[in-house]
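Enquirer: sequence first, predicted model second:
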Amino acid sequence: MRDPNSQVGQYLGGLDGVRGAGALAILTTHCIVQFAPSSTPNGIAQVLGQALTVFFAMSAMLIYTPFARDIARGERRVKVGIYLRRRLLRIFPAYLVIFLICNFVLQAVYLRNAVEVSERASDAGTGMLTDPGALLLNLSLLQSFVPDHLQTGINPSWSLTTELTFYASLPLLAVWLVGRSRHRLATALVPPAILLVAGLAGRAWAEHLYDGMSGLSTFEAEFGAHGVAVLSRSLLGLGDTFAIGMIAAVLFVWTERGELAWWTRRRATAVAWTLVVVGAVAGALLRDVHPWFLGSATSVAAGGVIVLMVDPGARREDSSLVRIASWRPIEYIGEISLSVYLWHYPMIILASRAGLFGTDSVANLVGSAVSVAAASILLGAITFALVERPAMTGRWPFLKSPARQ
């Protein structure tokens, strides 16, 4: 993982590769929905879309690691002000640049809830946001808290709002625990336990509210312009996903400290693969019966994937699986995945506006996915180089360093 603001303190091979594969899976999901919903086997888009769950869990693992280290040491080293500044710089500069271009130049953002207005292979419901209130909500990434504005603008950006909520809540959950107890491992598991309970309760509440609604599909209930969707997209509705990544962070920290003698490499691998299989099977069983808990099952599988990627690093050992996941092309897509993620839906809108993939077919699905991926990766690389990385490192292109001035 090459994010200079992750604070993990070492390169964890494999995570960016997983992130890159996840970005391409989400991109493909949206191409399926937009261009080939009938030509694609039922459930494929829903399964690929669960890559976002892996994103959330992985983010939680990386962001919670320095807090877990503080709890393990009994010494507070994370500076909350610096932490918050870094988290904001991780998201907002790239997001604002991409949103402003997509809104005012390309005019390829949603003016109303995308689920309610979008049509297959069409740019219906898109254009340029001019309403001051809608613009302010989207510029501040607060639109996902307002039912009428959920899934407007760059519609997948709702996930950034959830990420930012997690970033803001983590110091409140973790900082006060440092040095509070001699049972440090148990103490480090308190924040993920809180989010795990909150997430499961939030999912149950959302599903209960949906049971009292009529005329809506579960997809419309989870993403439409109403309160159930706001709850479903919030940290309260997704807290268990972040909790799984935080538990992986605790295992990582205690493993690198050599304080889990029973947690051998063999056991870690066996448990991780078991989580992957159990999560996948549980997801398949829950998908149609309790759809709100599909993400819970997927997060279990995501936890297994994360352990497979980071456990060797905690032990300073080699791993053939990590080497495969660290294949440079897919790893690079993982590095620039935020920008790729933000660019890809406006590219889908532009392709729809141009009428490039009007026929619902597998050929058009492949063509749209390849074209959208190529455009998004190119634009993502440019944005990463000129905006995202400089914002994280403080080294902006075309500006002389202080030493040279």
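Expert: Done, it's in.
Enquirer: can you pull the pLDDT of the spatially most central residue of the chain?
Expert: Central residue of the chain (C-alpha atoms, centre = their mean): Phe55, 3.5 Å from the mean position. pLDDT recorded at Phe55 is 95.
Enquirer: just confirm it contacts Thr162, I think it does.
Expert: No: taking contacts as C-beta atoms under 8 Å, Phe55 lies outside contact range of Thr162: 10.2 Å. (C-beta placed from N, C-alpha, C; glycine too.)
Enquirer: number of residues surrounding the nearest residue to Pro93 once chain neighbours are set aside?
Expert: Among residues not flanking Pro93 along the chain, Ala391 sits closest, at 3.9 Å (C-beta to C-beta, 6 or more residues apart in numbering). Ala391 has 20 neighbours, counted by other C-beta atoms under 10 Å.
Enquirer: now the host helix or strand of the residue nearest to the centre of the chain: buried residues?
Expert: Assigned by DSSP states H and E, Phe55 belongs to helix 51-73. By 16 or more other C-beta atoms under 10 Å, the buried positions in helix 51-73 come out as 51-72.
Enquirer: cool, stretch 207-214 as well?
Expert: Applying a neighbour-count criterion of 16+ other C-beta under 10 Å, one finds Glu207, Leu209, Tyr210 buried in stretch 207-214.
Enquirer: show me what contacts the second one?
Expert: In this structure, Leu209 makes contact with Gly227, Val228, Leu231, judged by C-beta atoms under 8 Å, 6 or more residues apart in numbering.
Enquirer: what strand or helix carries it?
Expert: Going by DSSP H and E, Leu209 is in helix 190-211.
Enquirer: so for Leu235, what's the nearest residue that isn't a sequence neighbour?
Expert: Nearest-residue entry for Leu235: Thr165, 4.3 Å, with adjacent residues in sequence omitted and distances by C-beta to C-beta, 6+ apart.
Enquirer: ok, the one you found touching Ser234?
Expert: Yes: using C-beta under 8 Å, Thr165 is in contact with Ser234, at 7.0 Å.
Enquirer: on that earlier part again, nearest to Leu136, of the buried residues of stretch 207-214?
Expert: Closest to Leu136 out of those is Leu209 (28.0 Å), distances taken as C-beta to C-beta.
Enquirer: from Pro390, how far off is that closest one?
Expert: Distance of Leu209 to Pro390, given as C-beta to C-beta, to the nearest Å: 43 Å.
Enquirer: still on that earlier bit, packing partners for the helix holding Phe55?
Expert: Applying 3 or more C-beta pairs under 8 Å, 6 or more residues apart in numbering; DSSP states H and E, one finds that helix 51-73 contacts helix 15-35, helix 158-174, helix 184-188, helix 190-211, helix 235-256, helix 294-314.
Enquirer: run the chain-centre distance for the next helix or strand after that helix.
Expert: Next helix or strand after helix 51-73 toward the C-terminus (DSSP H and E): helix 80-100. Distance of helix 80-100 from its chain centroid, counting by C-alpha atoms, centre = their mean, to the nearest Å, is 15 Å.
Enquirer: begin at 26, not 1, for the rest of this chat.
Expert: Sure, I'll start numbering at 26, so the last one becomes helix 105-125.
Enquirer: now helix 105-125: average pLDDT?
Expert: Taken as a whole, helix 105-125 has a mean pLDDT of 97.
Enquirer: who are the packing partners of it?
Expert: Other elements packing on helix 105-125 under the criterion 3+ C-beta pairs under 8 Å, 6+ apart are helix 157-164, helix 183-199, helix 362-378, helix 387-408, helix 414-418.
Enquirer: looking at these, which is nearest to Val142?
Expert: Nearest to Val142 among the helices and strands packed on helix 105-125 is helix 362-378 (11.8 Å), distances taken as C-beta to C-beta.
Enquirer: mind listing what's buried in the closest one?
Expert: Buried residues in helix 362-378, defined by neighbour count with 16+ other C-beta under 10 Å: 362-378.
Enquirer: same check on stretch 55-71?
Expert: For stretch 55-71, a neighbour-count test (16+ other C-beta under 10 Å) marks His55, Cys56, Ile57, Val58, Gln59, Phe60, Ala61, Thr65, Ala70, Gln71 as buried.
Enquirer: what about the third one, distance to Pro217?
Expert: This means Ile57. Taking C-beta to C-beta, one finds Ile57 at 33 Å from Pro217.
Enquirer: any weak-confidence spans in this structure?
Expert: Along the chain, segments meeting pLDDT under 70 span 26-36, 423-430.
Enquirer: go again with 80.
Expert: Across the chain, residues meeting the criterion (pLDDT under 80) sit at 26-38, 237, 239, 422-430.
Enquirer: now stretch 117-131: how far from the chain's centre is it?
Expert: 19 Å.
Enquirer: actually stretch 157-172, sorry about that
Expert: 19 Å.
Enquirer: start and end of it, how far apart?
Expert: Length of stretch 157-172, first residue to last, C-alpha to C-alpha, to the nearest Å: 17 Å.
Enquirer: only the buried residues of that stretch, if you could.
Expert: Those would be Ala159, Leu160, Leu162, Asn163, Leu164, Leu166, Gln168, Ser169, for stretch 157-172 by 16+ other C-beta under 10 Å.
Enquirer: still on that earlier bit, okay, angle between the helix holding Leu234 and helix 76-98 too, please.
Expert: 150 degrees (axes from the mean of the first three to the mean of the last three C-alpha atoms, to 10 degrees).
Enquirer: list the contacts of the helix or strand just after helix 215-236.
Expert: Next along the chain after helix 215-236, taking DSSP H and E as the criterion, comes helix 243-248. For helix 243-248, the surrounding residues in contact (C-beta under 8 Å, 6+ apart) are 138-141, 175-176, 231, 235, 238, 253-254, 257-258, 316-317.
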